[in-house]
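Q: Turn this into a model:
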Amino acid sequence: MALSHTLRPLAYTQASSGWQLMFLKEGQTSAELSLDEAREQGYRLHFTPGRVLLRMPYGKPLSHDSLVPIVTFPLSSHAGFESKNISIGVHGTLLDPQVTADRGYSLSIGKGMVDIGIPYGAEGGHRQSFVLHNTYLEFYLIYLYYECVFMDSFHTENRHRHTKVLMTQSLPHVPITINHPPSFSGLCQEHGIVFKLAHEEFHHMWDITIGNNLLTEQYAVRQGYLMANDSQGILLDVPLFTPGYLYEDIDLDQFFGTFEILSRDAKTQEIQQHSVKRCPFPTTELIVCSTGGVMTVVTSVVKSIPKADPQRTTLLDTTCKPKEMDETRVLFEFDLTTCGTRMKVKNDLMIFENTIMFEQEPFPSHRPVITRDTTFRLAVQCSYPVEAVNMDVAFASSVPGRGSVGEAKPYETALAKPIMLPAPEVVTTASVPITPRIKTPPTQRSAKFMRVRSHHSAKRQSS
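A: From the prediction side, this is the model:
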C-alpha cells in the first residue's frame with residue numbers, strides 16, 4: 001500500500017517513536033538513550049524518506065576526540081561525485097554572478113582547483129588600520145562564503161559550504177588628512193534662493209559666513225533671511241533683494257541673482273569652500289547700485305498722469321536715453337559720475353541722485369493750445385556708506401549701494417561735508433562740488449524827502 005505525501009511524515013514519526021540511540025565507547029559499556037533523553041542532552045535525530053541525520057555538539061560526555069584523516073570532495077567527477085556548481089559570497093550570503101563581477105571578484109575553476117580573487121579594498125570587505133612604532137599600517141579583510149554543489153552516484157544533490165576569513169598583510173601608508181568643509185546645496189525659487197546643509201560630525205571645525213559676517217540666527221533676522229537650524233541641518237531661505245545678492249545680465253525680460261555662502265576655517269578664517277547659486281528671475285521693476293558705481297533702473301513710466309512716452313524719456317542729461325524700452329517700461333544703466341547725476345552727503349551716507357524725465361513736446365507759437373499736462377519726473381537714488389566708498393581714482397565701494405525710486409523733489413544743495421569727485425573725461429554736474437546759493441529779495445534804499453512847490457504857488461510868486 002502506498003502512502004500519500006501528506007501521510008508520509010506522520011508515518012516516519014510514528015515508526016521512529018520507539019527508536020533509541022546507543023553510544024559505543026572503547027573500553028566502556030554502551031549507553032542507550034531514548035530520543036527524548038538524547039534531545040535533552042543536545043543530540044538531534046532527523047528522519048527523511050531516504051536518510052537519518054544525527055547532529056551533535058562538540059565536547060559531549062558520550063563523545064571522545066580522535067585524529068582522523070581529512071577527506072575533501074573533488075570538484076570533478078571522481079569516485080561517484082560530480083561537481084555541478086560553485087558560487088561565492090560574503091558574510092554568509094551568496095552573490096549573483098553579475099554582482100561579483102561588478103565588485104571585481106574573480107572565480108576560476110580548473111582541474112581539481114578553484115582560484116578565487118578579491119581586489120584590495122573591494123566592496124564587501126573591510127579596511128582596518130593601526131599605528132605601530134610610529135608607522136601607520138593598514139590591512140584588508142573579507143569574510144568569504146563558498147558553496148560547492150555536487151551530485152553523488154545516487155543522483156542526490158549535496159552542498160558543501162565553507163566560510164573563511166581572508167586577510168592581507170599589513171601595509172605601511174603615509175597618513176593623509178582630508179578636509180571636508182560644509183557645502184550648501186542651493187535651490188532656485190520664485191521668491192529667492194533656498195540653501196540646505198546636512199549636519200556632519202566635523203562641521204564644528206568651520207564657520208559659515210555671508211561675506212565677512214558670521215551666519216547666526218540673529219544676523220539672519222537683521223538681514224531679512226529665514227533660517228532654521230536643528231539637529232538635522234541648516235535651512236536658509238534668502239528672499240530676493242535682501243543684502244548679499246549680486247545682480248547681473250539685467251534686461252526687460254529677466255535678470256540673474258547670485259548668492260554666495262562661505263565656509264571658513266574656524267581658527268584661521270581662511271576660505272575653504274564657496275557655495276554659490278545663480279538663478280534667473282523675471283524682471284518687473286528694480287533698481288541696482290553696484291560696487292563699481294553703476295546704477296541700473298527698470299521702472300514703469302505709464303503710471304503717471306499724464307502717461308509718459310518711454311521713447312521720449314531721458315535723464316537730467318537729455319543725451320542719456322534708455323538702454324532698453326517697451327510699451328510701458330524703460331531700462332536706464334549709467335555711471336554715477338555721468339548723465340547729470342548729482343551727489344550729496346547726509347547722515348554718513350553718500351547719495352547719488354538722478355531724474356528720469358519726460359518733457360511734453362512744445363506747441364507751435366502760431367497754434368497755441370491750453371493744456372493742463374505736467375512734466376513727468378521720477379527720482380532715482382543710490383546710497384552708499386561714506387566709509388565704504390573710495391574715489392581716489394575711480395568709484396569703488398566695498399558694499400553695494402541701496403537704491404530707491406520715488407517722486408522727484410527739489411534738489412537739496414546743502415552738503416554735510418565737501419567731497420571732490422575725480423574729474424571725468426566729460427565734465428558733468430557730479431564732477432564739481434556744489435556751492436549753496438541763497439537768493440535774497442532786493443533791499444530798498446531809505447527814502448529822502450524834499451519840499452516841492454506846487455504849480456499854483458509858483459504863479460503867485462511870479463505875479
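Q: CA only for contacts and neighbour counts going forward, please
A: Noted.
Q: residue closest to the middle of this protein?
A: In the chain, the C-alpha nearest the mean C-alpha coordinate belongs to S185, at 1.2 Å (C-alpha atoms, centre = their mean).
Q: so what pLDDT did it get?
A: On the pLDDT scale, S185 is placed at 95.
Q: That one pairs with what?
A: K196 (DSSP bridges).
Q: Likewise for Q381?
A: As assigned using DSSP bridges, the partners bridged with Q381 are E353, S404.
Q: how far away is it from L331?
A: In this structure, Q381 and L331 are 15 Å apart, going by C-alpha to C-alpha, to the nearest Å.
Q: next one: M205
A: If you go by C-alpha to C-alpha, the gap between M205 and L331 works out to 46 Å.
Q: neighbour count winner among the two?
A: Legend: neighbour count by other C-alpha atoms under 10 Å for M205 and L331, higher for L331 (22 against 15).
Q: I'd guess that one is in a strand, am I close?
A: Yes: under DSSP: H, G, I helix; E, B strand; the rest coil, L331 sits within a strand.
Q: Which residues are in contact with it?
A: With contact taken as C-alpha atoms under 8 Å, 6 or more residues apart in numbering, L331 is in contact with 251-252, 296-299, 322-325.
Q: For it, which non-adjacent residue is spatially closest?
A: V298 (4.5 Å; C-alpha to C-alpha, 6 or more residues apart in numbering).
Q: again with G244
A: Using C-alpha to C-alpha, 6+ apart and skipping the chain neighbours, the partner closest in space to G244 is F259 (6.3 Å).
Q: In the chain, which strand is the longest?
A: Scanning the chain for the strand with the most residues, using DSSP state E, yields strand 135-151.
Q: Find out how far that one is from the centre of the chain, if you would.
A: Distance of strand 135-151 from its chain centroid, counting by C-alpha atoms, centre = their mean, to the nearest Å, is 40 Å.
Q: follow-up on the earlier one: how near is the residue nearest to the centre of the chain to G401?
A: Computed with C-alpha to C-alpha, the distance linking S185 and G401 is 28 Å.
Q: looking at it, T242 is touching R222, isn't it?
A: No: with contacts counted by C-alpha atoms under 8 Å, T242 stays clear of R222, the gap being 10.2 Å.
Q: what sits opposite the residue nearest to G244 in the beta ladder?
A: K277.
Q: wait, what's in contact with it?
A: Applying C-alpha under 8 Å, 6+ apart, one finds that F259 lies in contact with 193, 244-246, 276-278.
Q: can we see that at 6 Å?
A: Listed by C-alpha atoms under 6 Å, 6 or more residues apart in numbering, the contact partners of F259 are 245, 276-277.
Q: swap in R161?
A: Residues in contact with R161, defined by C-alpha under 6 Å, 6+ apart, are 146-147.
Q: beta partners of it?
A: Bridge pairing for R161 (DSSP bridges) gives the partners E147.
Q: And the pLDDT for it?
A: The predicted local confidence for R161 is 88.
Q: Adding pLDDT and neighbour count, write the contacts of F259 out as CSV.
A: CSV is the format used below for these (pLDDT from 0 to 100; neighbours: other C-alpha atoms under 10 Å):
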residue, pLDDT, neighbour count
Y245, 95, 18
V276, 96, 15
K277, 97, 18
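Q: JSON lines for those residues, including distance to P61?
A: Converted to JSON lines, the contacts of F259 look like this (distance: C-alpha to C-alpha, whole Å):
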{"residue": "Y245", "distance to P61": "82"}
{"residue": "V276", "distance to P61": "74"}
{"residue": "K277", "distance to P61": "75"}
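Q: and M56, how many neighbours?
A: Under the neighbour criterion other C-alpha under 10 Å, M56 is assigned a count of 14.
Q: Surely it and Y43 touch.
A: Yes: taking C-alpha atoms under 6 Å as the contact criterion, M56 and Y43 are neighbours in contact, 4.8 Å apart.
Q: In the stretch 251-400 of the chain, where is pLDDT below threshold?
A: Low-confidence segments of the stretch 251-400 of the chain, defined by pLDDT under 70, are located at 304-306, 360-375.
Q: My guess is L246 contacts T258. True?
A: Yes: contact criterion C-alpha under 6 Å: L246 and T258 qualify, at 5.0 Å.
Q: Tell me where the stretch 301-450 of the chain has strands.
A: Listed from the start of the chain, the stretch 301-450 of the chain has strands (DSSP state E, counting those that start in this stretch) covering 313-314, 324-325, 329-335, 342-346, 349-358, 376-385, 389-390, 396-397, 402-407.
Q: between those strands, which one is nearest to M113?
A: Closest to M113 of the strands of the stretch 301-450 of the chain, according to C-alpha to C-alpha: strand 396-397, at 77.8 Å.
Q: strands paired with the closest one, and their directions?
A: The partner list of strand 396-397 in its sheet, established with DSSP bridges, is strand 389-390 (antiparallel).
Q: how much distance is there from the strand it pairs with to the middle of the chain?
A: 33 Å.
Q: Please apply the same query to stretch 313-321.
A: With C-alpha atoms, centre = their mean as the basis, stretch 313-321 stands 43 Å off its chain's centre.
Q: Report pLDDT for S457.
A: At S457 the predicted local confidence, pLDDT, stands at 39.
Q: nope, L21 is what I was after
A: Among the per-residue scores, L21 holds a pLDDT of 79.
Q: what do you get for the one 4 residues further on?
A: We have a pLDDT of 70 for K25.
Q: With the one 10 residues further on instead?
A: On pLDDT, L35 comes in at 81.
Q: Specify the beta-bridge partners of the closest residue to it other than its chain neighbours.
A: When the adjacent residues along the chain are set aside, L35 lies closest to Q20, with 5.9 Å between them (C-alpha to C-alpha, 6+ apart). Here Q20 sits in beta bridges with S34, going by DSSP bridges.
Q: so Q20 sits right up against S34, yeah?
A: Yes: A contact is recorded between Q20 and S34 when judged using C-alpha under 6 Å, the distance being 4.6 Å.
Q: what's the overlap in contacts for the two?
A: Contact criterion C-alpha under 6 Å, 6+ apart; no residue bridges Q20 and S34 by contacting each.
Q: the strands in the stretch 151-300 of the chain, which residues?
A: Ranges of strands within the stretch 151-300 of the chain are 157-167, 171-172, 185-188, 192-198, 206-210, 213-214, 226-229, 233-239, 246-248, 254-265, 271-282, 286-289, 294-300, based on DSSP E, counting those that start in this stretch.
Q: Turn those strands into a markdown table, including distance to N85.
A: Putting those into a markdown table (distance: least, C-alpha to C-alpha, whole Å) gives the following:
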| stretch | distance to N85 |
| --- | --- |
| strand 157-167 | 9 |
| strand 171-172 | 35 |
| strand 185-188 | 49 |
| strand 192-198 | 47 |
| strand 206-210 | 55 |
| strand 213-214 | 64 |
| strand 226-229 | 56 |
| strand 233-239 | 50 |
| strand 246-248 | 66 |
| strand 254-265 | 56 |
| strand 271-282 | 53 |
| strand 286-289 | 74 |
| strand 294-300 | 76 |
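Q: of those, which approaches G104 most closely?
A: Counting by C-alpha to C-alpha, and looking across all of the strands of the stretch 151-300 of the chain, nearest comes strand 157-167 at 15.7 Å.
Q: what domains does the record give for the chain?
A: Residue ranges for the domains of the chain, per automatic domain parsing: 20-68, 82-172, 185-282, 286-360+374-431.
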